[in-house]
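Engineer: With the input below, show me the fold.
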Amino acid sequence: MFFPRMLASAALASVSLAGSVAFPALCDKFDAAVSSSSFVKCGVAPERWSEYEEPQPGAIITVGKEDDVAKIVQVANAFKVEYLVQSGATGWADTFTLGRTGIIIDVSQLKSISFNKDKTQVTFQSGVLIEDLVGAAYNNDARVATGTCNCVSVLGAGLGGGVGRGTGMYGLGSDQLLKVNLVDANGKKVTVTPTSNPDLWWALNGAGPNFGIVTSVVYKSYPMPQDQNTAWTGLLPYDSSKLEQVIAAIDKLDFEPEMQLDFYFTQGQLAVLPFYLGSEEQGRKKFASILDIGPLADDTAVIPFNTWNAAGDMFCARGGRKPAYTANMQTLDPTAWRNAWNDYLSFYQTYPEANQTTILTECYSTAKNLEIGGAKSAYPWRDIKCYAIVIPWYTSPSLDVQANDFAKRLRHLWYNSSGTSASSYVNFAHGDEPLSNIYGGSLAKLQRLKKQYDPKGKFNEWFPLS
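Structural biologist: Numbers count the residues shown, from 1 in each chain. From the prediction side, this is the model:
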């Protein structure tokens, strides 16, 4: 992300909407509609995790009260203003088309979190980040299933599926939803449950940003005393000469529900992060094939729930250009990954400003996902074992061509060695993929429902279906 930059007032004054009201006059319209808890910033560029292909709106409206979201949408519709919701602002897709005649609805201040008495449910608002919900759950003797990156919005990830440390035990983030409160394309507040509207519920669970602005949800929670809410995990760095051995061992692992693993190419090094929801003794047994290869160091330990995602905090650094690309993987081919390493190392060494470029692969147990099935969820990739992503990370736009070419080569390499048809997890995808690569077998039904629930394409910024 970057610090807000003020746009020239003269430029703003020239931007009109549908031949009627222009910015900054429109900011006054929004300001009059919302409560005193919300505030409008006219002519301010948004803060985002990546500056690559970022939206450039005419205004940002920071929402302080949940009910204000509906009011904002109603005003936007009346004046034909396009809008984009921002919470964690970590989405990097190049599907954003929002320009100076549009607004960002910033829900990052909607942070309410409350647990029921027996800790089996938690209600929270759309501005809650993963670190917020994890911390609240830990302090309430509970566990929740979220993504693995602390600075990401729980719902930003969860409405696209949401894989994480608890996926093997509890399912996807979208599988945790019990009730959704949203604002629809007409600016109407709607509560959706699996029984109240099964079709819309199905669509929200995997393609949510196309069907409304979710303002709060009721989510599953799992009672867990703090002293038992632990897991064995930590970094295992390896000499790159052992890359083929490491990849082959990961490929052969039978991921049980308690198991998860990440591996990285970062700072010119190879590192593995095993995760076991249990004791160190059992964790070492389950990942013995990885440990037996002989890491350069062993930083594993049993750690509490509220620190499980700490290893990923390096990815939360804001600013820079990060045009990421991804592929779903059923198999990991050692030869292909050696080629990926060589290409990565060449890019990393050739362009010093891109020295934070990272390749991350996350691998999961699929048993719970398959058990839950897709009847109530549009998420199409429940059988995928691993998700690979390359994140070129640099500062100068002059490197865009080289960075994109490099990342596209890796995605092509992965697609061809993935052991499955070409596909990409929406939360990791770039935006140039065919929609069938993103939504899989759910695409036709999703497009049909899109025409029903959002016929005018109000929600068309995040891998749009129309």
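
Engineer: contacting residues around residue 40?
Structural biologist: Applying Cβ atoms under 8 Å, 6 or more residues apart in numbering to residue 40 gives the contacts 27, 30, 31, 34, 59, 60, 61, 62. In short, each C-beta sits where N, CA and C put it, glycine included.

Engineer: what do you get if the cut-off is 6 Å, keeping everything else the same?
Structural biologist: Going by Cβ atoms under 6 Å, 6 or more residues apart in numbering, residue 40 touches 27, 30, 31, 59, 61.

Engineer: Look up the residues forming beta bridges with the fourth one.
Structural biologist: When you say that, I think you mean residue 59. Residues in a beta bridge with residue 59, per DSSP bridges, are residue 42, residue 103.

Engineer: For residue 219, see how far away it is.
Structural biologist: As for residue 59, its distance to residue 219 is 31 Å (criterion: Cβ to Cβ, to the nearest Å).

Engineer: With adjacent residues omitted, what lies nearest to the residue nearest to the spatial centre of the chain?
Structural biologist: With distances taken as Cα atoms, centre = their mean, residue 157 lies nearest the centre of the chain, 3.7 Å away. Distance criterion Cβ to Cβ, 6 or more residues apart in numbering; nearest residue to residue 157, sequence neighbours excluded, is residue 147 at 4.1 Å.

Engineer: and the one you found, what is it in contact with?
Structural biologist: Applying Cβ under 6 Å, 6+ apart, one finds that residue 147 lies in contact with 130, 157, 162, 164.

Engineer: Per-residue pLDDT of it, please?
Structural biologist: We have a pLDDT of 94 for residue 147.

Engineer: What of residue 335?
Structural biologist: So residue 335 comes in at 98 (pLDDT).

Engineer: So residue 408: helix, strand or coil?
Structural biologist: Three-state call for residue 408 (DSSP: H, G, I helix; E, B strand; the rest coil): helix.

Engineer: out of everything not next to it in sequence, what's closest to it?
Structural biologist: Residue 408's closest residue in space is residue 325 (Cβ to Cβ, 6+ apart), at 6.2 Å.

Engineer: Look up the residues forming beta bridges with the one you found.
Structural biologist: residue 390.

Engineer: what's in contact with stretch 439-447?
Structural biologist: Residues contacting stretch 439-447 (Cβ under 6 Å, 6+ apart): 203, 207, 378, 380, 435, 436, 465.

Engineer: gap between stretch 345-354 and the chain center?
Structural biologist: 26 Å (Cα atoms, centre = their mean, to the nearest Å).

Engineer: buried stuff in stretch 112-121?
Structural biologist: Of all the residues in stretch 112-121, those buried under the rule 16 or more other Cβ atoms under 10 Å are 113, 115, 119, 121.

Engineer: do the same with stretch 249-262
Structural biologist: Going by neighbour count (16+ other Cβ under 10 Å), the buried part of stretch 249-262 is 249, 250, 251, 253, 255, 257, 258, 259, 260, 261, 262.
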